[in-house]
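A.B. asks: I would like the atomic coordinates for the input below:
(chains A and B)
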Protein chains: 2
Amino acid sequence: MATVVSLAQQPGPPSRRALDKLKTLVGEDLAEVNDVILARMHSRVPLIPELAGHIIAAGGKRLRPLIMLACARMCGYAGSRHVKLAACVEFIHTATLLHDDVVDDSGLRRGNATANAVWGNQASVLVGDFLFSRAFQLMVEDGSLRVLDILSSASAVIAEGEILQLLTTNDTATTEDAYLEVISAKTAALFSAAARLGAVVADRPRMEEEALESFGRNLGIAFQLADDVLDYSAHEVTLGKAVGDDFREGKITLPIVLAFRRGVDEERAFWKRTLEDGARTDADIGQAIAYLDARGALADTLERARHYGAKARDALGIFPESEVKRILLDVVDFCVDRAH
Amino acid sequence: MATVVSLAQQPGPPSRRALDKLKTLVGEDLAEVNDVILARMHSRVPLIPELAGHIIAAGGKRLRPLIMLACARMCGYAGSRHVKLAACVEFIHTATLLHDDVVDDSGLRRGNATANAVWGNQASVLVGDFLFSRAFQLMVEDGSLRVLDILSSASAVIAEGEILQLLTTNDTATTEDAYLEVISAKTAALFSAAARLGAVVADRPRMEEEALESFGRNLGIAFQLADDVLDYSAHEVTLGKAVGDDFREGKITLPIVLAFRRGVDEERAFWKRTLEDGARTDADIGQAIAYLDARGALADTLERARHYGAKARDALGIFPESEVKRILLDVVDFCVDRAH
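C.D. replies: Here you go, the predicted structure:
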C-alpha cells in the first residue's frame, strides 16, 4: 500500500511551517497580544498610533512575543500576565527598530517604506521614545520588580549594543569576537529576556529560568547571523529589504569579518575602499558577493549560526517532551534555515 | 543709627541668589546625586560616558534634581532614596535634551557645542536611549512601583509633548491653549513628577503629594514661558544659546502666538512667511523682536509666567513655614525673573 502524504500538511518548507505551527498553538494568546498592542499604542496625539501602526502592522513575524508566549506555555503557565509582557517586548523591539532606521538612514523595512522615510527622522525618534515609555508603563502595570529588572537591563544592553555597532561600522579591524559582542547585545538580549520571562511569570525554578535565558540568547545570535547572510543572498520579496543593505550602510557583519581575514591583499583593499573609505557604489555589491562566496564566508556564517542554533536546542534539554517544546526546537531551525 | 546692609550677602540679583541658597541647603545631597550620575553613566562602551558627560557637565542648573531634593527635605524626609531618584530624573531630562537637539538640529546648548554637533545624530539618539534605560534601572533598584508608575507615565507624557511640539512647529494657527498643552507635557510633566516624588519618598499624605505635583507643574510652565521670552531677549552668555534660536527653528512659542493674534495683516504675513513658509533669514530676527515688542508679546508672556508662578507659590501654602519652603518660593521667582 502506498504511503499517502497529504500536501495540505506541507504548505511551505519544513522550518517555515514551524513558525506557522507556533502561531496556531498560541493563537489565542497572540490575538490578545495584538489587541493590547493596538489599544496601548493609542494616544491623544494621532500621529503616534499612525506612525507606530505603520511599523507594527508592516508584517513583522512577532517572533519575540511568540517566543515568550511559547516559553510560558512550556513552563505550564496558565495565567494572563504573559500577554501584556509580550506586548511590552514588542514595543521595546519596535522602538529599537524606529531608532535603528533613523541611525541607518534606511528607506525600506520588510518591503515597506520606513517610518522615517514617510514621517521624517524627528517623528521616528520621538514616537520611538513614546513606545519605549509605554513599554515601561505596561511593565509597571504588571507590577513585578523582577520583570522590570530583566527588561530595563535588557534595554540598557540593547542601547550599548547599538552604540557598539555604530562604532564598528566601517571598521574592517572588527574581530569575530567583537562582532559577537555587538549582536549579543543589540539582538540577543531581547530574545533572551523574552524567553526568560516565560519562566518568570510561571514562577519556575532558577534552573529553568536560566535555561530559557540561554535558549533565547543563542537563538538570538543564530537569528542575527542568518539575517546577515540573508542580506547578501535574499530576494527582496523574501526579506523585504534590498540585497546588500548592510553593504550600502558600510556595516561590518560576520560574512565581511570572515572574507576580510581569508582574503588576499587585493580583496582587503576592496573591503577597505568600499566599507572603510566609503567609496562604494551599487555596482560593487556584485563583486562583494563574489568575494564572500569565493571565501565561503556566507556558508560559514551559516555554519556559525547552526552552532548557536544547536546550543539553543540543547538549552531546552531540561524540559520534558511536549508539543510546544517540539515546535520551539523547529523554530530554532527556522531561524537558521530561512537563510538558505 | 544707619542700617548697614552687607554687600557680601547680595552677590547677585535676589532671585539668582535663591538658586544658590538652595544649592547650599541641599549641597550634600546634590553632591551625592552628582556621584550617582557619574557612576551610573559608566558603560563598557567609552563613548557613552564621554558623550553623556559632555551634556551633563555642560553647566546645567540641575534644577529638576534640586526641586526634588528640596521637596523631600520640606516633607521631612531623612532617608537616602531621593538621591538615586534625583539622578534618575536628571538622566530622563538629559536623554530628552539629547533627542531634542537631534530633532531641532541644534548646534549650541548652554554655550557649548551640542552632542549631536560633536558626535553626530546617530550617537546622540542611541546614548539618549541608553540614559533612558539607565534611568529605569535606577528606579527598579529603588524598588517602588509607585515611583515607577509616576516616572514612566511622565516619560510617556513628555514624548507626547515633544511630538505635539513637532506638529505645531511652523503652524501659526496654534492657539495659546494648544501651546500650553505642549509645554505642560514636554516641560512641566518632569518638574511635577520630580516635586511629587519628594512627598512620595517621605511617605506623606495624598494632599501633600498633590500639592507638590501642582507646585511642580505650574513651576514648569512658568519656567518654560520665561525660557521662551529669554530666547528673544537674552545675551548669548546668559542663556548659553543664541538669541532667536526658536525663531530660526520655526518654533511657535507663546510670544509668537500673542504677537500673531495682536498683529495687523502685514505682521501676520511676516510671521507666516518666516515661520510657516520657512523663508526666514537671520536678518528677520530684528524685525521679529520689534514686532514682539510692539505688541507687548514678550512682556505679556512674562505676565503669564508670573500667573503660573503665583499658582506654584500658592500650591506650597499647605506646608508649614521652613527655610527650605522660603527658598523654594524664591526659586519660583528666579524661574520667572531670570527672563528680565
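
A.B. asks: Show me what from chain A comes close to chain B.
C.D. replies: A:43-45, A:47-48, A:99, A:102-103, A:121-123, A:125-127, A:129-130, A:132-134, A:136-137, A:139-140, A:143, A:145, A:148-149, A:152-153, A:155-156, A:158-160, A:162-164, A:166-167 (Cβ under 8 Å from any Cβ of the partner chain). C-beta coordinates here come from the backbone N, C-alpha and C atoms, glycine included.

A.B. asks: 6 Å instead?
C.D. replies: A:43, A:45, A:47, A:99, A:103, A:122, A:125-126, A:129-130, A:133-134, A:136-137, A:140, A:143, A:145, A:148-149, A:152, A:155-156, A:159-160, A:162-164, A:166 (Cβ under 6 Å from any Cβ of the partner chain).

A.B. asks: Buried only: go through the residues you listed for me.
C.D. replies: Using 16 or more other Cβ atoms under 10 Å in any protein chain shown as the burial test, the residues of chain A next to chain B include A:43, A:45, A:47, A:99, A:103, A:122, A:125-126, A:129-130, A:133-134, A:136-137, A:140, A:145, A:148-149, A:152, A:155-156, A:159-160, A:162-164, A:166 as buried.

A.B. asks: Those in helices, which ones?
C.D. replies: Using DSSP state H, the subset of those located in helices is A:47, A:99, A:103, A:122, A:125-126, A:129-130, A:133-134, A:136-137, A:140, A:145, A:148-149, A:152, A:155-156, A:159-160, A:162-164, A:166.

A.B. asks: Tell me the spacing between the nearest residue to residue A:155 once chain neighbours are set aside and residue A:286.
C.D. replies: Of all residues not flanking residue A:155 in the chain, residue B:133 sits nearest, at 3.9 Å (Cβ to Cβ, 6 or more residues apart in numbering or on different chains). Counting by Cβ to Cβ, to the nearest Å, the separation of residue B:133 from residue A:286 is 40 Å.

A.B. asks: for residue A:118, same thing?
C.D. replies: With Cβ to Cβ as the criterion, residue A:118 and residue A:286 are 30 Å apart.

A.B. asks: Neighbour count for those two, which is higher?
C.D. replies: Between residue A:118 and residue A:286, counted using other Cβ atoms under 10 Å in any protein chain shown, the more crowded position is residue A:118 (15 against 11).

A.B. asks: for the more buried one, what are its contacts?
C.D. replies: The contact partners of residue A:118, by Cβ atoms under 6 Å, 6 or more residues apart in numbering or on different chains, come to none.

A.B. asks: I'd like the distance between residue A:20 and chain B.
C.D. replies: 33 Å (Cβ to the nearest Cβ, to the nearest Å).

A.B. asks: whoops, I mixed them up, residue A:276
C.D. replies: From residue A:276 to chain B the distance is 17 Å (Cβ to the nearest Cβ).

A.B. asks: burial count for that residue?
C.D. replies: Neighbour count of residue A:276, defined by other Cβ under 10 Å: 16.

A.B. asks: do the same with residue A:38
C.D. replies: Neighbour tally, residue A:38, other Cβ under 10 Å: 15.

A.B. asks: Which strand or helix spans it?
C.D. replies: helix A:27-40 (DSSP states H and E).

A.B. asks: Now do that helix: which elements does it pack against?
C.D. replies: Contact partners of helix A:27-40 among helices and strands, from 3 or more Cβ pairs under 6 Å, 6 or more residues apart in numbering or on different chains; DSSP states H and E: helix A:81-104.

A.B. asks: hmm, try it at 10 Å
C.D. replies: helix A:14-25, helix A:47-56, helix A:63-74, helix A:81-104, helix A:121-142 (3 or more Cβ pairs under 10 Å, 6 or more residues apart in numbering or on different chains; DSSP states H and E).

A.B. asks: Could you check the angle that helix makes with helix A:47-56?
C.D. replies: On the basis of axes from the mean of the first three to the mean of the last three Cα atoms, to 10 degrees, helix A:27-40 is oriented at 150 degrees to helix A:47-56.

A.B. asks: Next, the buried residues of helix A:27-40.
C.D. replies: A:29, A:30, A:32, A:33, A:34, A:36, A:37, A:40.

A.B. asks: list the contacts for the closest residue to the third one other than its chain neighbours?
C.D. replies: When you say that, I think you mean residue A:32. Nearest non-adjacent residue to residue A:32, counting by Cβ to Cβ, 6+ apart: residue A:83, 4.6 Å away. Residue A:83 is in contact with A:28-36, A:65, A:68-69, A:72, A:142, A:201, counting by Cβ atoms under 10 Å, 6 or more residues apart in numbering or on different chains.

A.B. asks: now the helices and strands packed on helix A:27-40 in JSON lines, with distance to residue B:77 and mean pLDDT?
C.D. replies: Compiled in JSON lines, the helices and strands packed on helix A:27-40 are given as follows (distance: least, Cβ to Cβ, whole Å; pLDDT from 0 to 100):
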{"stretch": "helix A:14-25", "distance to residue B:77": "50", "mean pLDDT": "87"}
{"stretch": "helix A:47-56", "distance to residue B:77": "36", "mean pLDDT": "90"}
{"stretch": "helix A:63-74", "distance to residue B:77": "39", "mean pLDDT": "98"}
{"stretch": "helix A:81-104", "distance to residue B:77": "32", "mean pLDDT": "94"}
{"stretch": "helix A:121-142", "distance to residue B:77": "23", "mean pLDDT": "96"}
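
A.B. asks: and of those, who's closest to residue B:259?
C.D. replies: helix A:121-142 (25.5 Å; Cβ to Cβ).

A.B. asks: Put the alpha carbons of the closest one into CSV.
C.D. replies: Presented in CSV, the C-alpha positions along helix A:121-142 are these (Å, rounded to 0.1, in the frame of the first residue of the first chain):
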residue,chain,number,x,y,z
ASN,A,121,13.6,61.3,11.4
GLN,A,122,12.2,63.6,14.0
ALA,A,123,8.9,61.9,14.4
SER,A,124,10.5,58.5,14.4
VAL,A,125,12.9,59.4,17.2
LEU,A,126,10.0,60.8,19.3
VAL,A,127,7.5,58.0,18.6
GLY,A,128,10.2,55.5,19.5
ASP,A,129,10.6,57.3,22.8
PHE,A,130,6.9,57.1,23.4
LEU,A,131,6.7,53.4,22.7
PHE,A,132,9.7,52.8,25.0
SER,A,133,7.9,54.7,27.8
ARG,A,134,4.7,52.9,27.1
ALA,A,135,6.6,49.6,27.4
PHE,A,136,7.6,50.6,30.9
GLN,A,137,4.1,51.6,31.8
LEU,A,138,2.9,48.1,30.8
MET,A,139,5.6,46.6,33.0
VAL,A,140,4.6,48.8,35.9
GLU,A,141,1.0,47.6,35.4
ASP,A,142,2.2,44.0,35.6
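
A.B. asks: And for residue A:119, the neighbour number?
C.D. replies: 19.

A.B. asks: distance of residue A:104 from residue B:224?
C.D. replies: 34 Å.

A.B. asks: Now for residue A:313: which residues touch it?
C.D. replies: Per Cβ under 10 Å, 6+ apart, neighbours of residue A:313: A:215, A:218, A:219, A:222, A:328, A:329, A:330, A:332, A:333.

A.B. asks: Out of the residues you listed, which is nearest to residue A:208?
C.D. replies: Using Cβ to Cβ, those come closest to residue A:208 at residue A:215, 10.2 Å.

A.B. asks: For the helix or strand hosting that closest one, the averaged confidence score.
C.D. replies: Element membership of residue A:215, judged by DSSP H and E, is helix A:206-230. The average pLDDT within helix A:206-230 is 97.

A.B. asks: Report the buried residues of it.
C.D. replies: A:208-209, A:211-230.
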